[in-house]
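Q: Need a 3D model of the following:
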Amino acid sequence: MGILYDGVAGGMLAYSRAAFRVRVLASRFRFEPGTLIVSTHRRETDVPLICPPLYFGARVWRHRWPRMSFAARDDMFLPGFFAGFPPDLSPRARRILYPLGVARWLPVVQVHPIRSASVARLGEIVRARPEAALEELAPDGLHEPFRARAAELGLPVPRTGKEVMRGEYADLLWQAVTPAEAGGPADFWARRGAQAAEDFRGLVELIRKGEVLVVFPEGRPSPDGEIGPLRRGLSALVRRGKPTRILPVTLAYDPLVRGRTLAFVAIGSAVAPPEADAEREVLALLRLRTPLTCGQFVASRLVDGGHPTAEELAQEVEAAREEGRPVDPDLLSEERRRGRLAEAVAAAPRHEDQLAFLAREYRSARERAA
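A: Below you'll find the predicted structure:
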């Protein structure tokens, strides 16, 4: 297990450094047994970004215990993950990737599924009853895209569940559904509720045993830049697992640059677990610890119809430092700050589709948790 665990950490380091210009904002730290690491969730690339600085910063390669365990989306454990999850693959690529999976290796690197009792992938419902008619398994129009895809690709019209269990339909099988939206065997949702409860008990037991557990309490990458809300369950995890410390990790991506996107990983100081309302307290902590980037500032001004100035940016940096918020190091000197501002303003027209996200992230980081 140690070789594979270490190898995955090294692979994530290589990928993140190739894909982004990574800036780690952290002081030296070590993991205490029973630490709960809570991280914001901005993009699907968050995991390979946060793992290397945590792994190498805590010298996990030297101190073999405690290692990090991860609470992960349960669909990673499903067949066809690589074909169904990515949004922009060709049918041919999906067909090639469909047989591949990582489920057997995830427990080896201490990744644990966390299921939702009220949301599943359509493919899970289809797989539970493959002989049933497609209209029964995917009612209210959910079956129509399968037949449209068949017509588009020249495939036979699918009539039963088993006929759509193939790579060309992987993205359609991957859509999330609720009991109100999809059918399924009578006991499917009851069984899923029991599995979700078992997953949660497993995470509680990990913390109680002194493991270090990483969770993304928002549950999914932010669709619009908002930090939060946190999914229900964090308070129960803190109350029942009794972590010794909570370590906040926050991320910010700044695409308003020349070349590769800047990616900031801020590792805060560990704090004592909240005595009550962990969701509210942790959300406030994550918002406060979200780094200030030049891209956020420029986007917020442009979206509001204003013009970002060097004087305003200097004031933002000073305010962030006073409240204890991490700051892009390039913004700490006047010369480099002016250079970054000019670069971000020039890059903004090329990234117009991301300005609203960055502006919302900027505002959300400064909102008080309700």
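Q: For the stretch 151-300 of the chain, which residues score under the pLDDT cut-off?
A: By pLDDT under 70, the low-scoring segments of the stretch 151-300 of the chain are 183-184.
Q: what ranges do the helices span in it?
A: 170-173, 188-208, 234-241, 278-289, 294-303 (DSSP state H, counting those that start in this stretch).
Q: Need the winner for burial among those.
A: helix 294-303 (a mean of 25; mean count of other CB atoms under 10 Å). Just so you know, the C-beta spots here come from the backbone N, C-alpha and C atoms, and that holds for glycine as well.
Q: Identify the residues contacting it?
A: For helix 294-303, the external contacting residues (CB atoms under 8 Å, 6 or more residues apart in numbering) are 252-257, 262, 307-308, 312-313, 316, 328, 330-331, 337, 340-341, 343-345, 348, 354-359, 361-363, 365.
Q: Distance-wise, check Met165 relative to Ala148.
A: With distances taken as CB to CB, to the nearest Å, Met165 is found 18 Å from Ala148.
Q: Look at these two and report which has more neighbours.
A: Met165 (18 against 11; other CB atoms under 10 Å).
Q: count of neighbours near the residue nearest to Asp6 when sequence neighbours are not counted?
A: Residue nearest to Asp6 in three dimensions, not counting chain neighbours: Trp61, with 5.9 Å by CB to CB, 6 or more residues apart in numbering. Neighbourhood size, Trp61 [other CB under 10 Å]: 14.
Q: what residues are up against Trp61?
A: Applying CB under 8 Å, 6+ apart, we find Trp61 in contact with 6, 9, 55.
Q: before we move on, the earlier item: put together a markdown table for the helices of the stretch 151-300 of the chain, with distance to Ala133 on each row.
A: Putting the helices of the stretch 151-300 of the chain into a markdown table (distance: least, CB to CB, whole Å) gives the following:
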| stretch | distance to Ala133 |
| --- | --- |
| helix 170-173 | 16 |
| helix 188-208 | 16 |
| helix 234-241 | 39 |
| helix 278-289 | 42 |
| helix 294-303 | 48 |
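Q: To Gln110, which of those lies closest?
A: helix 188-208 (8.8 Å; CB to CB).
Q: For the closest one, give me every contacting residue.
A: Contact partners of helix 188-208, identified using CB under 8 Å, 6+ apart, comprise 34, 36, 69, 71, 74, 112-118, 120, 124-125, 128, 179, 213, 215, 233, 236-237, 240-243.
Q: Report the angle between that helix and helix 234-241.
A: 50 degrees (axes from the mean of the first three to the mean of the last three CA atoms, to 10 degrees).
Q: chain center to helix 188-208: distance?
A: 20 Å (CA atoms, centre = their mean, to the nearest Å).
Q: right, and the helices of the stretch 151-300 of the chain - which one's nearest Asp224?
A: Among these, the nearest to Asp224 by CB to CB is helix 294-303 (12.3 Å).
Q: how many neighbours does Glu168 have?
A: Residues lying near Glu168 (other CB under 10 Å) number 20.
Q: which phi and psi does the closest residue to it other than its chain neighbours have?
A: Counting by CB to CB, 6+ apart, the nearest residue to Glu168 once its immediate chain neighbours are dropped is Pro91, at 4.7 Å. Dihedral angles of Pro91 (phi, psi; degrees, to the nearest 10) stand at phi -60, psi -40.
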